[in-house]
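# The following comprises the amino acid sequence and a computationally predicted model.
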Amino acid sequence: FYRLILDETLSFGTIGKTGRGLTEHCNVKISDVEIITLAMDTTLASVGGVCIGSREIVDHQRLSGAGYCFSASAPPFLSAVAIEALKIMEEEPERLQKLMDNAQMLREALDGVKGVVVRSKHVTPVVHLELATPLESSDAEAALVARVAAACVQQGVAISANKFAVKTTGPLRPSLTLNASSKLNKGEITKIVAVLSAVLKSCNAV
């Protein structure tokens, strides 16, 4: 059986000294993780997915997986796009540092917004916000979070609403999600904070 399967979809290219993801950030040998998966539509700007493991695991997946899931080789142009993205990551490491700096600025700005609390770790550019004051039920929170997200989108700020169905170590509250990017600037961060603050106030979430 496999001890550890790790999804690096949101961490590859965004976390670690050189962007190699959680294994690099946590100083874990990649060989110590049996299976690493990642979608190619995030950092690699392509389509499809990748599964990384030992030859034994890859051969097992290739031979046994076809009967359970659709699988086809990626078109050459999509593979070329992913390869080019990897080259850019390697040749322009300043992009990763800019991303980290922008993510920190975004988190610090959001820390001052009344009505929400930043729950995500400082190392990730994916920022999760929970309502500062819990409501009487998860459904009520989910409805309010959805209203806040929709109102922000209408005003040009891309915020998504999450409602977690899977409960692991405890109840996961509905949350708002924002994503920092290397192209984010101070003016855009100021707009995000202003719009979110105004929407929270109009929705009586403050």
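Right, received. Where do you want to start?
# Tell me if M105 really is in a helix.
Yes: using DSSP: H, G, I helix; E, B strand; the rest coil, the secondary structure at M105 is a helix.
# Now that it has come up, it's in contact with I189, right?
Yes: in this structure, M105 is within contact of I189 by CB atoms under 8 Å, at 5.8 Å. C-betas here are computed from N, CA, C, even on glycine.
# separation between S160 and A150?
10 Å (CB to CB, to the nearest Å).
# contacts for stretch 5-17?
Residues outside stretch 5-17 that contact it (CB atoms under 8 Å, 6 or more residues apart in numbering) are 19-25, 33-39, 42-44, 85, 89, 96, 99, 123-126.
# Please indicate which of those residues are buried?
With burial judged by 16 or more other CB atoms under 10 Å, the buried subset of the contacts of stretch 5-17 is 19-25, 33-36, 38-39, 42-44, 85, 89, 96, 99, 124-125.
# Filter these down to the ones in helices?
Among the buried ones among the contacts of stretch 5-17, DSSP state H puts L22, T23, E24, H25, A85, M89, L96, L99 in helices.
# my guess is the second one meets I30, correct?
Put plainly, it is T23. Yes: counting by CB under 8 Å, I30 is a contact partner of T23 at 5.1 Å.
# Residues that sit against both of the two, list them.
Listed as contacting both T23 and I30 by CB under 8 Å, 6+ apart are I36.
# and the least confident helix or strand in the chain by mean pLDDT, what does it pack onto?
Ranked by mean pLDDT, DSSP states H and E, the weakest helix or strand in the chain is helix 55-64, scoring a mean of 82. Helices and strands touching helix 55-64, by 3 or more CB pairs under 8 Å, 6 or more residues apart in numbering; DSSP states H and E, are strand 49-53.
# Provide the contact partners of the strand it packs on at residue level.
Outside strand 49-53, the residues that touch it by CB under 8 Å, 6+ apart are I30, E34, I35, I36, T37, L38, A39, M40, V58, Q61.
# Go through it and flag the buried ones.
Neighbour-count burial for strand 49-53 flags V50, G53 (criterion: 16+ other CB under 10 Å).
# tell me the angle it makes with helix 55-64.
Strand 49-53 runs at 130 degrees relative to helix 55-64, counting by axes from the mean of the first three to the mean of the last three CA atoms, to 10 degrees.
# how distant is strand 49-53 from the center of its chain?
18 Å (CA atoms, centre = their mean, to the nearest Å).
# Pull that strand out as PDB, backbone CA atoms only.
Taking Å, rounded to 0.1, in the frame of the first residue of the first chain, the C-alpha atoms of strand 49-53 are listed here in PDB:
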ATOM      1  CA  GLY A  49      -2.300  16.200 -15.100                       C
ATOM      2  CA  VAL A  50       0.900  14.600 -14.000                       C
ATOM      3  CA  CYS A  51       1.500  11.700 -11.600                       C
ATOM      4  CA  ILE A  52       5.000  11.200 -10.300                       C
ATOM      5  CA  GLY A  53       6.400   8.200  -8.500                       C
END
